[in-house]
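1. predicted structure and sequence below. I'll ask about it afterward.
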Amino acid sequence: MDLGLIAQYLANGILLGTMYALVAVGFTLFFGVLDVIKFSHGDVLMLGTFIGFTAWLGLEAIGIVNPWIQLAGVLLCSLAGTALIGAAIANWLILPLKKAPQLNTLLITLMLGTAIREAVRLFYPNGSNPKAFPALLPDASVEIGSFALRADSVILVVSGLGLIGLLNLVINRTRLGLAIRAVAQDEETARTMGINYTLVVLATFAIGSGVAAFAGIMNGLYYNEINFGMGLILGLIGFSAAIIGGLGNLYGAILGGFLFAGLQVIGAALLPFASAYKDVFAFAVVIALMAWKPTGLIPERSSDRV
Amino acid sequence: MTDISLPQSQLSRPWISAAAVIVAAGLYSWALLMAEETWQVLSLLVLAVVATGVAIKTGFVRRVERDWAASETRLNRLAFAVLIGLILVLSGSHFALLMISTVLLYFVASLGLNIQFGFTGLVNFAGAAFFGAGAYTAAVLGNVAEIPPLLILLAGGIVAMAISLPLLIPIVRTTGHYAAVVTIAFGVLFRTFLEVNEILGGPQGLMVNSMKLFGWDFFNAPSLGNLEISFYVNYALLAAGLAALVFVLFRRLERSWIGLHMDAVRLDETAAACFGISVKRTKILAFLLGNVILGVSGALYGMMISFIAPASFTFSDSLLLVSIVLLGGLGSPWGGAIAAAIVVLLPEKLQLLQEYRFLLFSILVMLVLLFRPEGILPRHLRNFFPNRRTDA
Amino acid sequence: MKFNTGNGLRRIVFTLGATAGLLVATGAQAKDTVELGFIGPLTGGVSSMGLGGRNSAELAVKLRNADPDSKYHYELVALDDECKPNVGVQVATKMATDRKVIGTIAHYCSAVAMGTVDVYHRFGLPMTVWGAVLPDITYGNDYPEITRVNGTMINQNEKAAQFMTGLGYKTFAIIHDTTDYGKGHNKYLSQFLAQDGAEVVGTFGVTSDQQDFTAELTQVKALNPDVVVYAGLTPGGVRVRQQMEKLGIEAVFEGVSGIKSDAFFEGLGGDLAEGTVTFLEGAPAEKLPGGAYFLKEYNAAGYDSPPEAYGPFAFAAMDLLIDAVEASGPDRKAVVDYMSKVKEHDSITGPITFDDHGQNTVALITAYVAQGGKWVVWEDSDYAKGTLSLVAPK
């Protein structure tokens, strides 16, 4: 195969992997502190992207056209808004159900996801149709043979990886991170040590949702198109990625995200038969992986208390 | 309630309040199915919410549950009789019968899922795939005239079980959310495969032949004098029979030592293993049995709908099945019945809201869960000494 | 009102606009009410098409009710099929077993229509398809109840192949979604392209909700075709066109009827859409006197979503159904008879003539090109005049 082609696939895989990893990180954070799966994660991501899009429309309307200022405005509104929404969901929907079976949290967030999706479709102006997300990043590109390296892709990947790195620092080097890890390990002990449990949970959900919103904006900037259904598939993939990697582990989520992206690209590029089978391929590998490593590639360090 | 003294209701006729509830539920179903106007539907919905709220607050639900436990067989028979009565009363209205049959088949499917994660704690997010496997089996085998149709139902179950065999290793090895992702992957894989592959009709779908029993085609309307009777009566009765059969099986299983093993595995795998229960064998049994039930109900559903396509068996349909189980209360068959009725009938009754109906539906389910976090009728663990224990 | 009795099922009556209601209340009290149905996807991914169709059908009803010469007062019963066959069968049963409903127009999604035709036949409800394009819906059976005003994908692709090869394009890469819609288009387009001497250099199946097409397009880029075809609906079309640009693919972008919507421009934002070619059955609405009237009335009615590509067909189908009721009375059998004899019937999409399968035979296909942020009929465009030009054949 042509070297340029391979480079193109590689670039594509890295970009997708970064995006998936950002979504998966949210799942793994929520699971860490509360042992719950929040299925509305993808739809919250979509909502965040629409908030960013609305912010852009607002900036255009008041005459601010500098793309960098616009970008900053979009990111600020989107991340802050989504973080608030994430905390609100945790406070009013997830914490009240803490004593119920874990699966019921799953159902309530599932329904919340549907509600968010339908609400955007119905109440956002002409929400049932795709929207053109602005290209705010420079669109310069370098042609190397048949491979086009685009500046915006590079910026997106670098900033995405940067955000994951930052998150890693927050979790491992700050007092908040320490509190989050403490709660994740043992809620009761963490409480007795004077950690404000509710606050930590809310902060975690805010952070996770904000990171997802970043993935959403990244998605918008890269594809220049957003729609009300974009969260569903991204959420599903993000969840799978978090699981393959091993829940509750930041590196696992990253690994899972890149692995899933790799599988998709390989499925589309190398399978000798029709590329339509690539999802069949990707999910079959997921099943096989789970049979091989039942608790993910980087398993949680835990032991059953008997 | 004190724990030792005999409950009051047991002195006279212990089952009378529960019997009243069954009859009331029958009448209510009739009213809801026949409701034509917007205001009728809305007032019936409000009535249901208010009545349920009052019943919970006054402890009436507890009492009915207790009475039910005391004279279960009798009350289950009454419920079945009321169901048959309802089908016969509605025998002229095709659509109401179609809805009843759909509710019944979704209920049967939810029983299958309940064995998997209500009892054993095995999460299955590919319910629609196994349901669909049954329906596709019915479509393929229905064209072979020699096979007796009742056998096709069974074959649907067996095929559903067979396609789940490759999942056994990952399912047994994983737990909790990790198992969830295995089934999610399988559900997506199943649907994509059907769409891409042309052998089974591709995305365009397949016709399914109707059910034939002892030379009787189910798409013929039975005739009784001049009465106009819908052919859906056939399906509704068969679905009711299937539901009763699976229900009895489900309750038997729950009370047997197998059910006990399943509960033990769900509650604590390590402890169960310590008591000599084979965790592996129990999980395999629950997974396969659940899939057989899903496949059988799917086969009958396919015959009734008479046309199937991959778009009917997507991930969101699996989620619908899961939400029936969770909404009803894990492992609770009657809760599942109520939840199946809600999940099937509510969106249908909300058609008057047109494009807004799913928004409202999801909000309603969220509200139910906030007020009943354990589901509508949470399951009580088995009670070995019925009169010696408080209702915890 | 003689249709208000009987033991029909619960029905949902879509309340019409207040103005129409007032008109009826004052001017047409003596008229009997006739219920007509609409079924389409009102929720989910393709709901914009369904909502456009519903609004158009509602408009047809509203306009007729405002006409003092009409014999009946019409009410629209609109149901949502979610674009799923099982839900479709359910709502079709509901519609068909409601004796008050005299006829219906139904379905945008082909798989749904394939599942429901038997239901309409079994209960004898006349049904006119307003959007689904799979040939088998009409040609796969002999049911007199089933008719269709829009053309099939066979007609569309025959014209598409002729047109593109006529412009000198020789090599095509087809990306299609794996729904019946995308697969059907792929099948017929490949067939007609081969007949016209062109070569399909690559075919790629993708799922309908796929976000990322880079892997497929990377291969397309290596194949270097004259034309990239996307057979699917608007959301996918927008993404493919967008990502072609990212990868720097220089080729004409050709779509199918599913992308001929205003949302295509909203999703792409002008420049990228420019020069996209697509095809749609029927004469362009704005060219016929009736079509201009439709667009004017639609805009005046103040709906919050556009009629989309198949809105005019929904309007024409509903109008035809109302004509049938006017001519033969509110009786299902009479309406079915009427439909079997429809010939050269005036409509806003051109004259309608049903063949013996109930298929509208006037297979007029119009080619459109995206120019200056809207769809322009090819013959009127600057591209045809030569002032603008598409990407040249290689």
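-> Noted; the coordinates are in hand. Every value quoted in this text rests on a predicted model; they were computed, and no experiment measured them.

2. what about the closest residue to chain B within chain A, which SS state?
-> Using CB to the nearest CB, the single residue of chain A nearest to chain B is residue A:100, 3.4 Å away. Heads up, the C-betas are built off the backbone N, CA and C, glycines and all. The three-state label given to residue A:100 by DSSP: H, G, I helix; E, B strand; the rest coil is coil.

3. how far away is it from chain C?
-> To chain C, residue A:100 is 29 Å away according to CB to the nearest CB, to the nearest Å.

4. now that residue: how far from residue B:184?
-> For residue A:100, the distance to residue B:184 equals 22 Å [CB to CB, to the nearest Å].

5. these two: which is more packed in?
-> Per other CB atoms under 10 Å in any protein chain shown, whichever of residue A:100 and residue B:184 has more neighbours is residue B:184, with 25 against 20.

6. quick check: residues of the stretch 101-250 of chain C near chain A?
-> Neighbours of chain A within the stretch 101-250 of chain C, by CB under 8 Å from any CB of the partner chain: C:178, C:203-207, C:209-212, C:214-216, C:218-219, C:221-222, C:234-235, C:238-239, C:242-243, C:246-248.

7. what about 7 Å?
-> Residues of the stretch 101-250 of chain C found near chain A (CB under 7 Å from any CB of the partner chain) are C:178, C:204-207, C:209, C:211-212, C:214-216, C:218, C:221-222, C:234-235, C:238-239, C:242-243, C:246-248.

8. now the residues you listed: which count as buried?
-> The neighbour count (16 or more other CB atoms under 10 Å in any protein chain shown) marks C:178, C:204-207, C:211-212, C:214-216, C:218, C:221, C:234-235, C:238-239, C:242-243, C:246-247 as buried among those.

9. ok, residue A:206 - contacts?
-> Shown in contact with residue A:206 (CB atoms under 7 Å, 6 or more residues apart in numbering or on different chains): A:83, A:86, A:87.

10. same check on residue A:292?
-> By CB under 7 Å, 6+ apart, no residues touch residue A:292.

11. quick check: it vs residue B:169, distance?
-> According to CB to CB, residue A:292 and residue B:169 sit 9 Å apart.

12. rewinding a little: out of the buried ones among the residues of the stretch 101-250 of chain C next to chain A, list just those in helices.
-> Among those, the members falling in helices (DSSP state H) are C:214-216, C:218, C:221, C:234-235, C:238-239, C:242-243, C:246-247.

13. nearest to chain A among those residues?
-> Chain A has its nearest neighbour among these in residue C:215, at 3.3 Å by CB to the nearest CB.

14. was I right about that closest one contacting residue A:266?
-> No - if you go by CB atoms under 7 Å, residue C:215 and residue A:266 don't touch, sitting 8.9 Å apart.

15. got a list of contacts for stretch C:200-216?
-> Here stretch C:200-216 makes contact (CB under 7 Å, 6+ apart) with A:9, A:12, A:16, A:223, A:229-230, A:233, A:265, A:268-269, A:274-276, A:279, B:192, B:196, C:45, C:171-179, C:186, C:190, C:193, C:219-220, C:223, C:225, C:232, C:236, C:239-240, C:243, C:247.

16. can you select the buried ones among those for me in PyMOL?
-> Listed next is the PyMOL selection for buried residues among those, using 16+ other CB under 10 Å:
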select buried, (chain A and resi 9+12+16+223+229+230+233+265+268+269+275+276+279) or (chain B and resi 192+196) or (chain C and resi 45+171+172+173+174+175+176+177+178+179+186+190+193+219+220+225+232+236+239+240+243+247)
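
17. give me the subset of the contacts of stretch C:200-216 lying in helices.
-> Using DSSP H, A:9, A:12, A:16, A:223, A:230, A:233, A:265, A:268-269, A:279, B:192, B:196, C:186, C:190, C:193, C:219-220, C:223, C:236, C:239-240, C:243, C:247 are the members of the contacts of stretch C:200-216 that sit in helices.

18. the residue lying closest to residue B:273 once chain neighbours are set aside and residue B:53: what is the separation?
-> In space, residue B:273 comes closest to residue B:279 once its chain neighbours are excluded; the distance is 5.4 Å by CB to CB, 6 or more residues apart in numbering or on different chains. Residue B:279 sits 41 Å away from residue B:53, going by CB to CB.

19. with residue B:116 instead?
-> According to CB to CB, residue B:116 and residue B:53 sit 32 Å apart.

20. which one of the two has more residues nearby?
-> The residue with more neighbours, out of residue B:116 and residue B:53, is residue B:116; 27 against 11, by other CB under 10 Å.

21. contacts only, for the more buried one.
-> B:122, B:124, B:286, B:287, B:290.

22. any of those buried? List them.
-> Looks like the contacts of residue B:116 have B:122, B:124, B:286, B:287, B:290 buried, using 16+ other CB under 10 Å.

23. just the pLDDT for the one residue in the stretch 251-394 of chain C that gets nearest to chain B.
-> At 9.8 Å from chain B, residue C:305 is the closest residue in the stretch 251-394 of chain C, using CB to the nearest CB. Note on residue C:305: pLDDT of 82.

24. swap in residue B:242?
-> 95.

25. that one: how many residues sit nearby?
-> Neighbour tally, residue B:242, other CB under 10 Å: 20.

26. could you report the neighbour count for the residue nearest to residue B:273?
-> Neighbourhood size, residue B:279 [other CB under 10 Å]: 17.

27. same question for residue C:108.
-> 30.

28. do the same with residue B:76
-> Applying other CB under 10 Å, I find that residue B:76 has 18 neighbouring residues.

29. and it, what helix or strand is that in?
-> helix B:72-89 (DSSP states H and E).

30. need the residues that contact that helix.
-> Counting by CB under 7 Å, 6+ apart, B:15, B:18-19, B:22-23, B:26, B:29-30, B:68, B:97, B:100, B:233, B:236-237, B:240, B:244 sit against helix B:72-89.

31. now, the residues you listed that are in helices?
-> Applying DSSP H to those, the entries found in helices are B:18-19, B:22-23, B:26, B:29-30, B:68, B:97, B:100, B:233, B:236-237, B:240, B:244.

32. farthest pair within these?
-> Using CB to CB, the ones in helices among the contacts of helix B:72-89 reach their maximum pairwise distance at B:68 and B:233, which is 28.7 Å.

33. right, I'll leave it there.
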